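# prediction below, plus the sequence it came from.
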Amino acid sequence: MHMCPSFEALCCLRDDGSYIFLGFSLSAVLKKKRFNAVDVGHILIFVHKMTRMSPNTQTAAKTPRDQIIQSSCPACGAMVGGETIEVHDHEYGLSHIAKYLECGVCSTLFQEPMPTLAELSAFYPSDYHSMTHAGLLNKIRNDVRIRRLSKLVIDEGVILDYGCGDGAFMVQAAQRLPQRHFWGFEIADRTETTILAEGKVTLVKGSLRDLLAILPSCGLITLNHVIEHLPDPLSVVTALADRLLPGGIFEGQTPASDSLERSVFGRKWSGYHAPRHTVIFSRAGLCCMLERSGLSMPSVLGAFNPAALAVSLGSVPRNGVGRIRRSGLKWFVLVALAGGLAPIDLWSRRPGIINFIAFKLPS
Ligand SMILES: [Zn+2]
């Protein structure tokens, strides 16, 4: 009998060294009471990975430790070993080559070694695309995001946009949702608090500790293409989840490592965004990490984001380091082409970009 440490599934070891799924553990049954599509996905991924683990690969894991890189998966907590995947910067032309490990249990990718905060800050050029909010595409994307949030907000607590950049999105959202108070956070060396939109928006720059010192209770916390930039997402999400009111919502958007787009584009997949993306979650890995952070009922859904697919398409002709400018005719053609291909991405059931949501239940 074997117990999967992450998903609490009971498995039996067969003579040929593979595993067969038996059922959920009693604690999992008592805790969850009923199972949804995400749980079934967990099991399918787990069984798939276990059945691929032949006796030979299990023996290989016992080779001397100094020959194998081993690290704990930031999503599911499983020990991960093996060769790293080296990925160049196809978007901003940095010479740094990021190295990723892929979790054998949940398929989440993460950098090994994980860059320090100081190293990460050097990976963002001054013209980094999410630091500017000009352009029609950004405006449309903000409108879509506001519509999504307006369906989610609960009556109590503030709305926190973690990783809000210059706060432009929140100012736009405050105009559309005037009855709500917005807080935004962006990591910075110096602590600074700014009031925007006639008091409707509070923008905090500094460390997570600076934010938590003054942040009121939240009804909704959103992370739009942020969670994949964090070197330790579990600790950040745990701290933020603690600030959610009972019934509060935690949501966001991020690339998915188990996507069709990654299978097609390989190391040129835009979801790597190397070396700036630190942890690229699979759908099951993200749900597992959200539950480990104290949140409940996590789920994911494919998202429409042609800019991500446009970067993948723009990376195809490049070998090694490159630069893709998000403006001009070439960028427009790439986005138009990506928009035309987007239905294939969504219908594949393995979307390149996912929206995620989880809830803080009353204790
Ligand atoms: Zn994992």
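Ah, there it is. Numbering: from 1, shown residues only.
# interface residues of the stretch 51-200 of the chain facing the ion?
Within the stretch 51-200 of the chain, the positions near the ion by CB under 5 Å from the ion are 73, 75-76, 78, 103, 105-106, 108. Yep, even glycine has a C-beta here, placed from its N, CA and C like the rest.
# please flag which of the residues you listed sit within helices.
For these, not one is inside helices, with DSSP state H as the criterion.
# Ala118 in helix, strand or coil?
Judged by DSSP: H, G, I helix; E, B strand; the rest coil, the three-state class of Ala118 is helix.
# in this structure, where is pLDDT below threshold?
Along the chain, segments meeting pLDDT under 70 span 1-68, 129-137.
# in it, which strand has the most residues?
The strand of greatest length in the chain, counted in residues with DSSP state E as the criterion, is given as strand 244-255.
# and it, what does it pack onto?
Here strand 244-255 is seen to pack against helix 136-150, strand 218-224, helix 233-242, strand 353-359 when contacts are counted using 3 or more CB pairs under 8 Å, 6 or more residues apart in numbering; DSSP states H and E.
# now do the buried residues in that strand.
Neighbour counts over strand 244-255 (16 or more other CB atoms under 10 Å) mark 244-245, 248-255 as buried.
# quick check, nearest of these to Glu186?
Proximity of the buried residues of strand 244-255 to Glu186, judged by CB to CB, is greatest for Gly252, which lies at 15.2 Å.
# I figured the closest one hits Ala358, correct?
No - between Gly252 and Ala358 there is no contact under CB atoms under 8 Å: 9.7 Å.
# list residues touching both of these two?
Jointly contacting Gly252 and Ala358 under the rule CB atoms under 8 Å, 6 or more residues apart in numbering is no residue at all.
# the closest residue to Gly206 other than its chain neighbours: neighbour count?
The shortest distance from Gly206 to any non-neighbouring residue, by CB to CB, 6 or more residues apart in numbering, is to Thr191 (3.6 Å). Other residues within reach of Thr191, judged by other CB atoms under 10 Å, total 14.
# so who does Thr191 touch?
Contacts were defined as CB under 8 Å, 6+ apart; by that measure Thr191 touches 204-207, 210.
# go ahead and name everything in contact with whichever strand or helix holds Ser312.
Secondary structure here is read from DSSP states H and E; on that basis Ser312 sits in helix 306-315. Applying CB under 8 Å, 6+ apart, the external contacts of helix 306-315 come out as 90-91, 137, 141, 255, 261, 264-265, 268-271, 273, 322, 324, 326, 330-331, 334-335, 337-339, 341-342, 345, 352-353.
# name only those of the contacts of Thr191 that count as buried.
204-206, 210.
# now, which of these lie within strands?
Among those, the members falling in strands are 204-206 (criterion: DSSP E).
# helix/strand/coil for the closest residue to Tyr124 other than its chain neighbours?
Counting by CB to CB, 6+ apart, Arg276 is the residue found nearest to Tyr124 once chain neighbours are left out, at 6.7 Å. Using three-state DSSP as the criterion, the local structure at Arg276 reads coil.
# surely Arg276 meets Phe123?
Yes - the pair Arg276 / Phe123 is scored as a contact, 5.0 Å apart, by CB under 8 Å.
# follow-up on the earlier one: sheet partners, orientation included, of the longest strand of the chain?
strand 218-224 (parallel), strand 353-359 (antiparallel) (DSSP bridges).
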